[in-house]
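Enquirer: how would this look folded up:
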Amino acid sequence: MKVGLIRCMQTEDMCPGTTCFKVMKDKKLAFEGIQEDIEVVGVNTCGGCPGKKAVTRSVEMVKRGADTIALASCIKKGTPIGFACPHAEKMKEAIAKKLGETIKIIDYTH
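Expert: This is a model prediction of the structure:
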């Protein structure tokens, strides 16, 4: 699995993504049950509210080899600020629509 990670721009100053990388490496939580090796192709932010840049950034990561786009838990669950993105579902839908059914989308990491 080759993963492109999209994270919340609002949390990038306080979270270096350590837990996202750890759960991928250890194949835990959102990555539980994945048998193949997991390689991170790229990491980028959504571009800030309302997350419109997440689509073009996901497309770019797919061009660079990603077969999976993971939306970090800061988007879906609001970790670590305790406020989930109000645009998370629309962002996920827009990415899925643009990339099609061949690219897997994971909507949280931990």
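Enquirer: test my guess that Thr68 contacts Ile106.
Expert: Yes - using Cβ atoms under 8 Å, Thr68 is in contact with Ile106, at 6.3 Å. For glycine as for every other residue, the C-beta is placed from the backbone atoms N, C-alpha and C.
Enquirer: identify the contacts common to those two.
Expert: Common contact partners of Thr68 and Ile106 (Cβ atoms under 8 Å, 6 or more residues apart in numbering): Val3.
Enquirer: which residues does the residue most central in space within the chain contact?
Expert: Using Cα atoms, centre = their mean, the residue of the chain that lies closest to the mean C-alpha position is Leu71, 2.3 Å off. By Cβ under 8 Å, 6+ apart, the contact set of Leu71 is Ile6, Ala54, Ala88, Met91, Lys92, Ile105, Ile106, Asp107, Tyr108, Thr109.
Enquirer: between these, which has the most around it?
Expert: Ala54 (30 neighbours; other Cβ atoms under 10 Å).
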